[in-house]
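Q: how does the following fold in three dimensions:
(one chain, ligands or ions: 1)
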Amino acid sequence: MNLSAPDHIANYIAGSIQAPINGRYIENINPATGEVYSATPDSDIKDVEEAIGAARSAFPMWSTTPVEERFKILNRIAQLIDDNLDSLALAETNDNGKPLWLSKRVDIPRASSNFRFFATGIMHFSTESHNMEDKAINYTLRQPIGVAGCISPWNLPLYLFTWKIAPALAAGNCVVAKPSEVTPMTAYLLSLICIEAGLPDGVLNIVHGTGPGCGSAIVAHPEIKAISFTGSTRAGREIAAVAAPMFKKLSLELGGKNPNIIFADCDWDKMMRTTLQSSFSNQGQICLCGSRILVEESIYEKFKHEFAARVKKLTIGDPLDDNSRQGAVVSRMHFDKVLSCIDLAKEEGGIILAGGNSVIIDGRCANGLFIEPTVIEGLGPHCRTNMEEIFGPVVTLQSFKNEDEALQLANTSDYGLSATIWTQDVSRANRIAAQVKSGIIWINCWLLRDLRTPFGGFKNSGIGREGGWDALRFFTEPKNICIEL
Ligand code: NAD
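A: As a prediction, the model looks like this:
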């Protein structure tokens, strides 16, 4: 199949590729070059209603399709993603600005893994039974909910889009999904893949548009019974305000301000290598990136000098060049935001140890949105720089004297998504892991993901968990059936 990026992206509704009803489009800009490379539908409630109608019509058939058949279709989608790795990776990089090698190695392979994982998962999914000795037996049915709404962000476009869609479909729901309007291309290409794979019409509908114009129409529609959202805490709060009084099921994966806690007894080389990655992978635009680096006082100076020196050596460049470690940030709006956060850090008294500026790249990327990876020290835990999510290539350093202070600093945040702990002392690692208020803790590693594990955050980082059985439970409604013996 030919998966080249079109001039005009289209919606995928009732099994067919359609222009938005209102005929309006948004410019889709390649952030590495500044060029408009496609037009994205600026869909509104009319397209959303059509998509929900199609999903409702398909639900009786899809929810009763044997799991083995669902497994086969979802596996075909996974295979077609693998077969089209190069075209999908290029589309992701042109949309997002991330290095092409990263799209090839991480984003697209993970999208096919998501489909394969949940296709297999539903074949093994089982429910509970509760025996009341000689009186009765209860068993639980888990039934698909109906039409689910899946809304995703721009940082890992196809990766996070499929992370929601795959379990929803595997569990027998029909879906109306909206990718980020900032990075819509691979979601559009996924529509073509679903058609090729033989996914029945209306089972998955992909509507493109903005949050206020299209996303909010999905959230508010009474036929959408469950919403799986990944994005900012601000939008999550707006969605919860609409969905909660309608008693919709909600899974919210939101922002983070993750601590990296580094003790003097860590494996220095591994810690240094991994902390560079956890700070600046995808230009720091991964919800799991560590943005507050907490270092034990006795190694603080050594860490600071070596880390800053290594950061200065990271190659910023054309995302299509295999040597680029850092690509472009995703959009002009985000570029301005990240630079204003660096200005704020300076106003708050922060000292820039590395980076701090935008970068102009020669040639094809002369109008691209590039920012130096930036390291800042000298700020206390309560300033805005250390409290607010930046979601770009910016980290701060703070030192701590002992375990208690490390914990206190780590937990001084309204967010609680993830944390890393670096120490060779197993007892200390486990003690701290139990006390850090975050949903995901990595000890002496980062971003090592097992798709069966619960994924999600504490506090303002969200509610609910994705992954494994948690996702299949979210997308099904339990029903207890009691039989008196
Ligand atoms: P965003 O909240 O602006 O947008 C996310 C998606 O929601 C987009 O598709 C957008 O169009 C839509 N949207 C926005 N407002 C909406 C509304 N009121 N109703 C319905 N839909 C709406 O987020 P973003 O800028 O695209 O992504 C960056 C954010 O995502 C960061 O805060 C980051 O931490 C977070 N994120 C979290 C995770 C996680 O797993 N916790 C993963 C990736 C990104």
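Q: where does the stretch 351-485 of the chain have low pLDDT?
A: Across the stretch 351-485 of the chain, no stretch falls below the confidence threshold (pLDDT under 70).
Q: not counting its neighbours along the chain, what's nearest the closest residue to the ligand within it?
A: The shortest separation between the stretch 351-485 of the chain and the ligand is 4.9 Å, found at Phe391 (distances taken as Cβ to the nearest ligand atom). The way it works is simple: take the backbone N, C-alpha and C, and place the C-beta from them, glycine included. With Cβ to Cβ, 6 or more residues apart in numbering as the criterion, Phe391 has its nearest non-adjacent residue at 5.7 Å, and that residue is Gln285.
Q: thinking again about what came up before, thought the residue of the stretch 351-485 of the chain closest to the ligand was touching Gly255?
A: Yes. Taking Cβ atoms under 8 Å as the contact criterion, Phe391 and Gly255 are neighbours in contact, 7.2 Å apart.
Q: more neighbours, the two?
A: Taking neighbours as other Cβ atoms under 10 Å, Phe391 and Gly255 compare with Phe391 leading, 25 against 22.
Q: show me how the chain divides into domains.
A: Per the record, the chain has its domains at 11-254+461-484, 259-456, by automatic domain parsing.
Q: so how far is Leu102 from the residue nearest to Phe391?
A: Look at Gln285 and Leu102: by Cβ to Cβ, to the nearest Å, they are 11 Å apart.
Q: the more surrounded of those two?
A: The residue with the greater number of neighbours, taking Gln285 and Leu102 and applying other Cβ under 10 Å, is Gln285; the counts read 24 against 21.
Q: residue contacts, that one?
A: 155, 329-330, 391-392 (Cβ atoms under 8 Å, 6 or more residues apart in numbering).
Q: against Cys214, how distant is it?
A: Distance, Gln285 to Cys214, using Cβ to Cβ: 22 Å.
Q: what does the stretch 101-250 of the chain put close to the ligand?
A: The interface of the stretch 101-250 of the chain toward the ligand, taken as Cβ under 6 Å from any ligand atom, is made up of 151-155, 160, 178, 180-181, 210-211, 215-216, 219, 230-232, 235, 238-239.
Q: got the CA coordinates for whichever strand or helix holds Lys302 in PDB?
A: Secondary-structure element containing Lys302, defined by DSSP states H and E: helix 297-312. Once side chains and other backbone atoms are set aside, the C-alpha atoms of helix 297-312 remain, and they are given as PDB (Å, rounded to 0.1, in the frame of the first residue of the first chain):
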ATOM      1  CA  GLU A 297      25.400  17.100  48.000                       C
ATOM      2  CA  SER A 298      28.700  15.200  48.000                       C
ATOM      3  CA  ILE A 299      28.600  14.600  44.300                       C
ATOM      4  CA  TYR A 300      26.700  17.700  43.200                       C
ATOM      5  CA  GLU A 301      29.700  19.700  41.800                       C
ATOM      6  CA  LYS A 302      31.100  16.700  40.000                       C
ATOM      7  CA  PHE A 303      27.700  15.900  38.500                       C
ATOM      8  CA  LYS A 304      27.000  19.500  37.500                       C
ATOM      9  CA  HIS A 305      30.300  19.900  35.600                       C
ATOM     10  CA  GLU A 306      30.100  16.600  33.800                       C
ATOM     11  CA  PHE A 307      26.400  16.800  33.000                       C
ATOM     12  CA  ALA A 308      26.600  20.300  31.600                       C
ATOM     13  CA  ALA A 309      29.700  19.400  29.500                       C
ATOM     14  CA  ARG A 310      27.900  16.400  28.000                       C
ATOM     15  CA  VAL A 311      24.700  18.400  27.400                       C
ATOM     16  CA  LYS A 312      26.700  21.000  25.400                       C
END
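Q: after that helix comes which helix or strand?
A: Criterion used, DSSP H and E; the element after helix 297-312 is helix 332-347.
Q: could you say what helices and strands the next helix or strand after that next one packs with?
A: Downstream of helix 332-347, the first helix or strand assigned by DSSP H and E is strand 351-354. With contacts defined as 3 or more Cβ pairs under 8 Å, 6 or more residues apart in numbering; DSSP states H and E, strand 351-354 has these neighbours: helix 297-312, helix 332-347, strand 374-377.
Q: redo that, cut-off 7 Å
A: Under the contact definition 3 or more Cβ pairs under 7 Å, 6 or more residues apart in numbering; DSSP states H and E, strand 351-354 sits against helix 297-312, strand 374-377.
Q: reformat those as a markdown table; add distance to the ligand and mean neighbour count.
A: Formatted as a markdown table, the entries for these read as follows, by distance: least, Cβ to the nearest ligand atom, whole Å; neighbours: other Cβ atoms under 10 Å:
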| stretch | distance to the ligand | mean neighbour count |
| --- | --- | --- |
| helix 297-312 | 21 | 16 |
| strand 374-377 | 18 | 24 |
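Q: what residues are up against the closest residue to the ligand within the stretch 51-200 of the chain?
A: Among residues of the stretch 51-200 of the chain, the one nearest the ligand by Cβ to the nearest ligand atom turns out to be Pro153. It sits 3.1 Å away. Applying Cβ atoms under 7 Å, 6 or more residues apart in numbering, we find Pro153 in contact with 160, 180, 230-231.
Q: excluding its backbone neighbours, what's nearest it?
A: Closest residue to Pro153 in three dimensions, ignoring its sequence neighbours and counting by Cβ to Cβ, 6+ apart: Gly231, at 4.5 Å.
Q: check Ser418 too.
A: Setting aside the residues directly before and after it, Ser418 is nearest to Ile440 in space (Cβ to Cβ, 6+ apart), at 4.0 Å.
Q: go on, Val147?
A: Leaving aside its chain neighbours, Val147 sits nearest to Ala55 (4.3 Å; criterion: Cβ to Cβ, 6+ apart).
Q: show the average pLDDT along the helix or strand encompassing Gln277.
A: Gln277 is located in helix 268-280, with elements delineated by DSSP H and E. Across helix 268-280, pLDDT averages out at 98.
Q: for it, name the packing helices and strands.
A: The elements that helix 268-280 packs onto, with contact taken as 3+ Cβ pairs under 7 Å, 6+ apart, are strand 258-262, strand 290-296, helix 297-312.
Q: for that helix, buried residues please.
A: 271-272, 274-276, 278-280 (16 or more other Cβ atoms under 10 Å).
Q: all good on my end, thank you.
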